[in-house]
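**Student:** make a model of this:
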Amino acid sequence: MTITANLQFIQQQLPKTVKLVAVSKTKSAEQLIEAYQAGQRLFGENKVQELLSKWQTLPKDIEWHFIGHLQSNKIKPIIPFITLIQGVDSFRLLAAINKEAEKIGRVVSVLLEFHIAEEDSKFGLSLPEAEEMLGSSEWKSFNHITVCGVMGMATFTSDEVIIKSEFERLSSIFVQLKEKFFRDSDHFCERSMGMSDDYLIAISAGSTLVRIGSKIFGNR
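**Tutor:** Below you'll find the predicted structure:
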């Protein structure tokens, strides 16, 4: 099947409340253009240099999401154009994003990443860490960041019961943070969870953003 056909198939499965992030890391500009011509405007990258090179050459109405583990020293070049930084997993990173955004007078949208998987290799905050951060006076001084929701990755397993419980845990974290810190924020509305192998489970658990790569572009 072609990239266009793959996109159409996935879009037919998504409720209107769920947005598709086409994970385009390692994919060529030609492959992205095929997806773009099929109507896709939301793309996700996990390496800063690759993202910069694609942003410079591809159409400017593309919305770019950074979905990888972002290092503080790599933030500056993407701040002028990034639509959403999905994986904010520490207070230090949040502070660094705010600092760079302040320099150019921009407010940058982010998601807080939570560690919901059984694997130690995954990044992410715990709920107590997030609550401590959001309750701090330093956080209240960050005027160049908008927290738009949460993000998490499930354990890499074929056990759908485990996957569903982890996604439900992330949805529960979202509800708790919304109630405690973002009750009056219309921006705090996103739950980014679900990839090529588990996006339907994620949708059933309340996902609003799914990150799909191989099911669109094929395996590497």
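**Student:** hmm, who's touching stretch 126-135?
**Tutor:** For stretch 126-135, contacts defined as Cβ atoms under 8 Å, 6 or more residues apart in numbering pick out 91, 94, 112, 114-115, 125, 139, 147, 173, 176-177, 180-181. Using the backbone N, CA and C atoms, a C-beta is placed for each residue, glycine as well.
**Student:** what residue lies at the spatial centre of this protein?
**Tutor:** Centroid-nearest residue in the chain, with Cα atoms, centre = their mean: Gln86, separated by 3.2 Å.
**Student:** ok, that residue - contacts?
**Tutor:** 44, 65-67, 110-111, 113, 151, 192, 209, 211.
**Student:** in JSON lines: these, plus distance to Glu119, secondary structure and pLDDT.
**Tutor:** As requested, the contacts of Gln86 are arranged in JSON lines below (distance: Cβ to Cβ, whole Å; DSSP: H, G, I helix; E, B strand; the rest coil; pLDDT from 0 to 100):
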{"residue": "Gly44", "distance to Glu119": "20", "secondary structure": "strand", "pLDDT": "97"}
{"residue": "His65", "distance to Glu119": "22", "secondary structure": "strand", "pLDDT": "98"}
{"residue": "Phe66", "distance to Glu119": "21", "secondary structure": "strand", "pLDDT": "97"}
{"residue": "Ile67", "distance to Glu119": "17", "secondary structure": "coil", "pLDDT": "95"}
{"residue": "Val110", "distance to Glu119": "23", "secondary structure": "strand", "pLDDT": "98"}
{"residue": "Leu111", "distance to Glu119": "20", "secondary structure": "strand", "pLDDT": "98"}
{"residue": "Glu113", "distance to Glu119": "14", "secondary structure": "strand", "pLDDT": "96"}
{"residue": "Met151", "distance to Glu119": "16", "secondary structure": "strand", "pLDDT": "97"}
{"residue": "Ser192", "distance to Glu119": "18", "secondary structure": "strand", "pLDDT": "98"}
{"residue": "Leu209", "distance to Glu119": "21", "secondary structure": "strand", "pLDDT": "98"}
{"residue": "Arg211", "distance to Glu119": "17", "secondary structure": "strand", "pLDDT": "97"}
